[in-house]
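Engineer: would you be able to build a 3D model of this:
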Amino acid sequence: MQVLYKAYVYLTCGPELLVFSEPDSPEVGLQIPGGTLDPGESFLQGARREFFEETGLSLDIAIESFADQDHIPEDGSVYLSGVHRRRHFHGVLKAKPAETWDHFEMTPSAGGPPIRFRLFWIDVLSSKAPEDGLLSQGFGAQLETLRPRMERQINGCH
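Structural biologist: Numbering: from 1, shown residues only. Presented below is the predicted three-dimensional model:
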């Protein structure tokens, strides 16, 4: 079975987590910025590069690995087949760069035309927080580990 190495960044500001959707492919669901490592790239290097490619933001903050996950996608496409060996990183901002924005990934790993991402923040700590199942492709499974970290590092994000 093919193993794809992937890295993701759970960027938080106060009680909120940065997520994105693909407006031109709504069936994909909400995701966390990140993706497939390039040959010879470390998880940390890949997390920073993929985050920039998908958000347009450079991470000038420390990010810390907080979970590893082996995920087998349910989608039957050739690109997604195999095991996704994921490393999840957490970074904390003191202020949001914007409430929402669109960004195009110009060189998708699977090839093809640019992909439009719509980035925005969701509250994952309050009693009105969405269910973990709101995030697609197994990303919600990390929220149980992420929430206590967020509560310890909470700031007055604005």
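Engineer: next up, the contacts around the residue sitting nearest the centre point of the chain.
Structural biologist: Nearest to the mean C-alpha position of the chain, by Cα atoms, centre = their mean, lies Ile32 at 2.0 Å. Taking Cβ atoms under 8 Å, 6 or more residues apart in numbering as the definition of contact, the neighbours of Ile32 are Tyr8, Val9, Tyr10, Leu17, Leu18, Val19, Phe20, His88, Leu135, Phe139. Quick note: C-beta positions are derived from backbone N, CA and C, even for glycine.
Engineer: now do the helices in the protein.
Structural biologist: 43-55, 143-153 (DSSP state H).
Engineer: okay, these, which one's buried deepest?
Structural biologist: Each of the helices of the chain was assessed for mean neighbour count using mean count of other Cβ atoms under 10 Å. The highest is helix 43-55, with a mean of 20.
Engineer: quick check: mean pLDDT of that one?
Structural biologist: Predicted confidence along helix 43-55 averages 97 (mean pLDDT).
Engineer: which elements pack onto it?
Structural biologist: Contact here means 3 or more Cβ pairs under 8 Å, 6 or more residues apart in numbering; DSSP states H and E; on that basis helix 43-55 packs against strand 3-13, strand 16-21, strand 34-36, strand 83-92, strand 100-105, strand 115-123.
Engineer: dump stretch 52-65 to CSV, restricted to CA.
Structural biologist: Taking C-alpha atoms only, stretch 52-65 is exported to CSV below (Å, rounded to 0.1, in the frame of the first residue of the first chain):
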residue,chain,number,x,y,z
PHE,A,52,1.7,29.3,2.6
GLU,A,53,0.5,27.6,-0.7
GLU,A,54,-3.0,27.2,0.6
THR,A,55,-3.5,30.4,2.6
GLY,A,56,-1.1,32.9,1.1
LEU,A,57,0.2,33.6,4.7
SER,A,58,3.8,33.1,5.8
LEU,A,59,4.1,31.6,9.3
ASP,A,60,6.5,33.8,11.3
ILE,A,61,5.5,32.1,14.5
ALA,A,62,6.6,28.8,16.1
ILE,A,63,4.5,25.8,15.3
GLU,A,64,4.6,22.6,17.4
SER,A,65,3.8,19.1,16.4
